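Engineer: okay, here's the prediction I keep looking at, along with the sequence it came from:
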Amino acid sequence: MPPGTGDVQLSVSQNIPISGAVIVSTPQDIALMDARKGAEMFRKVHVPVLGLVQNMSVFQCPKCKHRTHIFGADGARRLARTLDLDVLGDIPLHLNIRETSDTGQPIVFSQPESDEAKAYLRIAAEVVKRLPPPLE
C-alpha cells in the first residue's frame, strides 16, 4: 500500500484477511516517520508486522564503484530496533532495477543472478520464513 495510515490502509487492514505486513522505507527521517506510523497502525489492528525493508539503501557509482548513502544510512535499522522488529533486507538504488521494471521485466526475472535480484530474493525468503503456516 502507499505510505500513510489513512482510510484506505485502515479499511484494507480491517476488511481483508492479512497474514502479515512488511514495512518498506527509505532510510531518511521523513520516510521513517511514515514507516513508524504504518507499523503502529498494523499492530493496533492486530496484523503482524513481519519486518522492515530498507529501500534505496545505497547508490553505487557504476563507473568508480564508490558507494553513497543518498538518503542516509541505516535509518530502517534504527527504527527496527526501536519497534523491536527485524530488518528483512536492503534494496539498493540501482539503475537496473528501474530500467527492468519500466520494461515490465522485473530484475528477478530479467537478471536473476544480479546482486540486485538477489537482494529481492533474500527479502522474499525472509518474508516466507515469518509467515504463519497456512490453515488446513
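Structural biologist: Looks like it came in fine.
Engineer: strands of the protein, start to end?
Structural biologist: Counting by DSSP state E, the segments of the chain that form strands are 21-25, 49-60, 67-68, 87-93.
Engineer: quick one: closest of those to Glu116.
Structural biologist: Distances from Glu116 to each of the strands of the chain were compared by CB to CB, and the smallest falls on strand 87-93, at 6.3 Å. Bear in mind the C-beta positions are built from the backbone N, C-alpha and C, glycine included.
Engineer: averaged pLDDT, that closest one. What do you get?
Structural biologist: Per-residue pLDDT over strand 87-93 has a mean of 95.
Engineer: which neighbouring elements make contact with that strand?
Structural biologist: strand 49-60, helix 75-83, helix 115-130 (3 or more CB pairs under 8 Å, 6 or more residues apart in numbering; DSSP states H and E).
Engineer: so what strands line up beside it?
Structural biologist: With DSSP bridges as the test, strand 87-93 is paired with strand 49-60 (parallel).
Engineer: what angle sits between the strand it pairs with and strand 21-25?
Structural biologist: Here the directions of strand 49-60 and strand 21-25 differ by 30 degrees (axes from the mean of the first three to the mean of the last three CA atoms, to 10 degrees).
Engineer: how distant is strand 49-60 from the center of its chain?
Structural biologist: Using CA atoms, centre = their mean, to the nearest Å, we find the averaged C-alpha position of strand 49-60 to lie 5 Å away from the chain's own average C-alpha position.
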